[in-house]
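Participant: Need the 3D shape of this:
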Amino acid sequence: MATNNFKILLTSTAKEELEEIYKYISEKLLEKNSADRLMNNIEQKIFSLEQNPYLGSKVCIKPHNETYRRLVVGNYIILYDIVEEYKQIIVYRLLHTKMDYLNLIEEIK
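Facilitator: From the prediction side, this is the model:
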């Protein structure tokens with residue numbers, strides 16, 4: 001049976017940021033239940049992209065003027081891109097909404 005689903009790939013940076021978010025909320029804020037709920041919400045949102053890759057809105061990241069897609073989950077932003085040719089969703093970053101993510105100095109990829 002053919003599937004139209006996209007495959008989700010997280011960069012090593014996105015994985016590290018996800019771990020840091022969890023660790024901060026569960027250990028620094030001592031809110032393990034909140035951290036678990038947030039991780040579940042982020043995971044559900046990311047995996048919803050398998051069937052609906054265009055769910056996130058387009059954003060232009062400067063100074064490189066690269067276009068990505070953005071999903072918001074609570075206080076966090078998931079920056080991702082769609083690779084139609086390979087039916088892939090690449091999650092590049094997970095950032096706090098207070099970060100000036102539209103003007104990132106470093107490259108996303």
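Participant: what about the longest helix anywhere in the chain, distance to the chain center?
Facilitator: Secondary structure of the chain per DSSP state H: the longest helix is helix 32-48. Relative to the centre of its chain, helix 32-48 is centred 11 Å away, using C-alpha atoms, centre = their mean, to the nearest Å.
Participant: For it, name the packing helices and strands.
Facilitator: The helices and strands touching helix 32-48, judged by 3 or more C-beta pairs under 8 Å, 6 or more residues apart in numbering; DSSP states H and E, are strand 7-10, helix 12-23, strand 66-73, strand 76-83, strand 88-96. (C-beta placed from N, C-alpha, C; glycine too.)
Participant: Show the pLDDT at the most centrally placed residue in the chain.
Facilitator: Centrality entry for the chain: nearest residue to the mean C-alpha point is Ile78, 2.5 Å, by C-alpha atoms, centre = their mean. Here, the pLDDT recorded for Ile78 equals 96.
Participant: And the contacts of the helix or strand of the chain with the lowest mean pLDDT?
Facilitator: Here the helix or strand of the chain ranked lowest by mean pLDDT, DSSP states H and E is strand 57-61, holding a mean of 90. Contacts with strand 57-61, where a contact means C-beta atoms under 8 Å, 6 or more residues apart in numbering, come from 66-70, 79, 101-104, 108.
Participant: Now that strand - C-alpha only, PDB.
Facilitator: Extracted in PDB, the C-alpha atoms of strand 57-61 (Å, rounded to 0.1, in the frame of the first residue of the first chain):
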ATOM      1  CA  SER A  57       3.500  29.200   8.400                       C
ATOM      2  CA  LYS A  58       6.400  30.400   6.300                       C
ATOM      3  CA  VAL A  59       9.000  32.600   8.000                       C
ATOM      4  CA  CYS A  60      12.100  34.300   6.500                       C
ATOM      5  CA  ILE A  61      15.200  34.000   8.700                       C
END
